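[1] Need a 3D model of the sequence below.
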Amino acid sequence: MVVIPHQGESTGEDKDLDYRIRGIGLEQSSENLMSFLRQKLNLEANVVGRVKSFAVSHKGESKVAVISLKPRPMCLSTPGREEWIFGPESEDDDTLITVDTHFRGVTVLYAPTQASPHTIDICAVAGLGGHAWGSFKHKGGSQSSYMWILDALSKDFPTARIMVYGSKTRLERDESTQQSLEELGHLLRSEMLTVRNRRTLSNMSVVEPSLAVPSIFIAHSLGGLTVKEALLQEKEHPVRGSFIDTLHGALFFGVPSHGMQINGLRAIIRGRPNRTLIESLSYQSDTLLRLSQRFNAQFGDSRPRIIYFYETERSFTPKFSNGRWRMEGTPKDFLINKDSATDGKCWTPDPVDIHPLNRDHSGLVKFSSPDDGDLERVRIELTNLLEYPSSRRL
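    Residues are numbered from 1 along each chain as shown. So this is what the prediction gives:
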């Protein structure tokens with residue numbers, strides 16, 4: 001659940017970093033993107049760039065890209081900074097682009113061509129302290145750049161629009177914010193409304209919301225609780241044809257429906273604004289108990305189908321080293337137990353839709369290659385979920 005250090009931070013000058021670039025003109029193509037950026041950002045001659053994703057943004061007014069740059073350009077080297085804005089350079093240039101490493105909000109990673117509209121929306125939601133891109137990216141080894149949400153799902157489901165979503169839930173930084181689970185759910189729901197509204201308008205389906213395509217959430221840890229809260233808010237204030245209104249189902253990876261082990265996190269959050277949020281995630285907390293009660297009361301047997309994955313390996317615990325917290329401490333511990341990660345479904349007489357993965361908590365959503373056996377199991381379950389008949393409406 002906890003990602004320390006943050007993905008967007010460099011640990012060495014020779015490390016290539018991933019950047020999100022928003023505001024790119026719709027006329028730009030993948031073939032000339034790096035040439036455009038080299039001029040716009042005034043990149044040094046020795047900077048090598050690689051385009052990892054390039055698609056029309058969720059609002060449809062511009063394009064968004066994820067690129068890696070090595071070494072780090074001077075224009076993106078401001079200490080402690082994670083977002084830069086580059087404005088027009090001449091009277092003929094009206095382009096304003098934003099470069100960041102935080103990846104907060106919605107990022108479209110892949111979408112079919114405009115000539116072949118997408119038939120389903122898939123959005124992956126990062127967990128506590130997680131990063132919308134880095135949380136789902138394999139770390140280490142020769143395949144360290146493998147990011148399965150993009151690299152696997154775009155091939156498995158070529159007619160899907162694939163997105164990631166991140167929020168500001170970092171633990172160890174002074175700029176950590178005071179947020180509740182309800183507020184995180186509100187932010188997610190508000191952002192997803194912009195996704196579906198733009199899509200329905202382009203499909204002329206504002207008049208007939210049933211024409212809107214189905215949607216799927218993939219959520220890790222706190223991301224799953226945020227999804228549940230957003231679902232409840234949509235139930236109370238429905239918007240027909242929205243992403244959440246047309247939700248077909250979800251994959252939950254290590255989502256602490258009944259709480260998690262937070263003893264190791266208390267030293268990190270001592271005196272910080274996010275302490276209340278973390279305490280609300282403890283085992284059998286009143287916040288999570290109320291969330292479960294509300295969810296069951298509102299949905300009952302009509303709830304969206306959720307497939308649960310849970311960890312079977314212990315995770316490293318927080319350790320303060322060289323002036324910062326890192327997930328390197330021992331003894332290892334289970335952050336989330338089986339009961340919590342399956343919302344108690346593991347105790348039913350005939351448990352279905354629950355799957356163990358021989359991984360620790362962070363590794364639940366990181367896969368090394370297309371041939372990873374655990375990834376193959378996840379892809380099968382996602383395919384089954386997409387084929388599952390659903391007439392549910394919130």
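
[2] in the stretch 251-394 of the chain, which spans are strands?
    Ranges of strands within the stretch 251-394 of the chain are 305-311, 315-321, 324-333, 354-357, based on DSSP state E, counting those that start in this stretch.

[3] low-confidence ranges in the stretch 151-300 of the chain?
    171-177, 196-211 (pLDDT under 70).

[4] Residue ranges of each domain in the chain, please.
    Domain assignment for the chain, taken from the TED database, gives 14-75+93-101, 102-387.

[5] want to throw the ones you listed into TSV with mean neighbour count and distance to Glu82?
    C-beta coordinates here come from the backbone N, C-alpha and C atoms, glycine included. Compiled in TSV, those are given as follows (neighbours: other CB atoms under 10 Å; distance: least, CB to CB, whole Å):
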stretch	mean neighbour count	distance to Glu82
domain 14-75+93-101	17	5
domain 102-387	19	5
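
[6] Could I get those domains in JSON lines, plus columns for distance to Gly87?
    Listed next are these as JSON lines, based on distance: least, CB to CB, whole Å:
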{"stretch": "domain 14-75+93-101", "distance to Gly87": "5"}
{"stretch": "domain 102-387", "distance to Gly87": "20"}
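
[7] Return the residues in contact with the residue lying farthest from the centre of the chain.
    Distance from the C-alpha centroid of the chain peaks at Glu91, with 37.9 Å (CA atoms, centre = their mean). If a contact means CB atoms under 8 Å, 6 or more residues apart in numbering, then Glu91 has no contacts.

[8] now do Ser57
    Here Ser57 is in contact with 22, 63-64, 108 (CB under 8 Å, 6+ apart).

[9] go again using 10 Å as the cut-off
    Each residue near Ser57 by CB atoms under 10 Å, 6 or more residues apart in numbering is listed here: 22-24, 26, 63-65, 106-108, 111, 163, 194-195, 198.

[10] Go through the residues you listed and flag which are in strands.
    Members of the contacts of Ser57 lying in strands (criterion: DSSP state E): 22-24, 63-65, 106-108, 163.

[11] does Asp333 really touch Glu311, like I thought?
    No. With contact defined as CB atoms under 10 Å, Asp333 does not count as touching Glu311 (11.0 Å).

[12] what sits in contact with each of those two?
    360-361.

[13] related to what we said a few turns ago, mind putting the strands of the stretch 251-394 of the chain in TSV, distance to His220 and mean pLDDT included?
    Shown next, in TSV, are the strands of the stretch 251-394 of the chain (distance: least, CB to CB, whole Å; pLDDT from 0 to 100):
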stretch	distance to His220	mean pLDDT
strand 305-311	9	96
strand 315-321	13	82
strand 324-333	15	79
strand 354-357	12	96
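
[14] Any chance of those strands in a markdown table with distance to Ser154 as columns?
    Shown next, in a markdown table, are those (distance: least, CB to CB, whole Å):
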| stretch | distance to Ser154 |
| --- | --- |
| strand 305-311 | 20 |
| strand 315-321 | 29 |
| strand 324-333 | 29 |
| strand 354-357 | 22 |
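
[15] out of those, nearest to Ser340?
    strand 305-311 (8.4 Å; CB to CB).

[16] Indicate each strand paired with that closest one and its parallel or antiparallel sense.
    Next to strand 305-311 in the sheet, as set by DSSP bridges, lie strand 247-253 (parallel), strand 354-357 (parallel).

[17] Could you dump the ones you listed into a markdown table and include distance to Leu69?
    Converted to a markdown table, the strands paired with strand 305-311 look like this (distance: least, CB to CB, whole Å):
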| stretch | distance to Leu69 |
| --- | --- |
| strand 247-253 | 30 |
| strand 354-357 | 33 |
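
[18] out of the ones you listed, nearest to Thr95?
    strand 247-253 (35.4 Å).

[19] Specify which residues of the stretch 1-150 of the chain, grouped into ranges, have pLDDT under the cut-off.
    Across the stretch 1-150 of the chain (using pLDDT under 70), the flagged ranges come out as 1-16, 141-144.

[20] Okay, strands next: where are they in the stretch 51-200 of the chain?
    Under DSSP E, counting those that start in this stretch, the stretch 51-200 of the chain gives strands at 63-70, 83-86, 97-100, 105-110, 120-125, 160-166.

[21] Now those strands in a markdown table, please, with extra columns for distance to Leu251.
    Listed next are the strands of the stretch 51-200 of the chain as a markdown table, based on distance: least, CB to CB, whole Å:
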| stretch | distance to Leu251 |
| --- | --- |
| strand 63-70 | 22 |
| strand 83-86 | 30 |
| strand 97-100 | 27 |
| strand 105-110 | 17 |
| strand 120-125 | 9 |
| strand 160-166 | 13 |
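
[22] quick one: Asn46 and Arg72 touch, right?
    No. Taking CB under 10 Å as the definition, Asn46 is not a contact partner of Arg72, at 11.1 Å.

[23] Could you measure from Ser180 over to Ser135?
    Distance of Ser180 to Ser135, computed by CB to CB, to the nearest Å: 21 Å.

[24] do Asn274 as well
    17 Å.

[25] since we're on the closest residue to Asp100 other than its chain neighbours, how many residues are nearby?
    Distances taken as CB to CB, 6 or more residues apart in numbering place Glu83 nearest to Asp100, at 4.1 Å, with adjacent residues excluded. When neighbours are counted by other CB atoms under 10 Å, Glu83 registers 15.

[26] correct me, but Glu83 touches Lys168?
    No. Counting by CB under 10 Å, Glu83 does not reach Lys168; the two are 11.9 Å apart.

[27] Mutual contacts of these two, please.
    102, 104.

[28] so what's Ser315 up against?
    Ser315 sits in contact with 1-2, 254, 261, 264, 327, 329, 332-336, 359-364, where contact means CB under 10 Å, 6+ apart.

[29] which residues pair with it across the strands?
    Where Ser315 sits in a bridge, its partners, by DSSP bridges, are Asp333.

[30] do you know how far it is from Asn42?
    For Ser315, the distance to Asn42 - CB to CB - is 42 Å.
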